[in-house]
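Enquirer: pasting the sequence and the predicted coordinates here, then a few questions.
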Amino acid sequence: MFKRPFSFDGRIRRMEYGISFIIYMVVYFFTALLTTTGDGTGALIMVVLWIPLVWFLIAQGTKRCHDVGRNGWWQIIPFYGLALLFIDGDRERNEYGSNPKFPEDVDVLGSETLDGHLKS
């Protein structure tokens, strides 16, 4: 879980997407509390933390869109991000990668994959 969280490639499961959203909300809440200090440094800290935080959320949303067979632009539709918490991903490999719930190349004893091929 959380392999390359800032990358836009691949697929993630509903649980990882949900945890990502919770992480976003918690960090956003605490950075928003910093802006109430009144001296101006809180606003600067919030902007500095907000940029990578939004990147993280968009990247995770894109990977979740990939899991259901759509490109990342679908997440700009209102409430689509919420729907991604409930929509089951494609069961088979799609153009964005293998199913994260049942990966194709599972490491068996550190040297072979389940289909019998040696790891490279």
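Expert: Cool, the structure landed.
Enquirer: next, Gly97: phi, psi?
Expert: In this entry, Gly97 is assigned phi and psi values of phi 140, psi -180 (degrees, to the nearest 10).
Enquirer: would you confirm that it contacts Gly69?
Expert: No. Checked against C-beta atoms under 8 Å, the pair Gly97 and Gly69 is beyond contact range at 11.1 Å. The C-beta positions use only the backbone N, C-alpha and C, and glycine is treated the same way.
Enquirer: and Trp50, what does it touch?
Expert: Going by C-beta atoms under 8 Å, 6 or more residues apart in numbering, Trp50 touches Tyr28, Thr31.
Enquirer: on the three-state scheme, it is what?
Expert: helix (DSSP: H, G, I helix; E, B strand; the rest coil).
Enquirer: for it, give its distance to Asn71.
Expert: 25 Å (C-beta to C-beta, to the nearest Å).
Enquirer: same question for Arg4.
Expert: With C-beta to C-beta as the criterion, Arg4 and Asn71 are 18 Å apart.
Enquirer: please work out how many residues are found near Glu92.
Expert: Burial of Glu92 is recorded as 10 neighbouring residues (other C-beta atoms under 10 Å).
Enquirer: quick one: pLDDT of the residue lying farthest from the centre of the chain?
Expert: Relative to the centre of the chain, and counting by C-alpha atoms, centre = their mean, the farthest-placed residue is Asp39 at 34.1 Å. Here, the pLDDT recorded for Asp39 equals 70.
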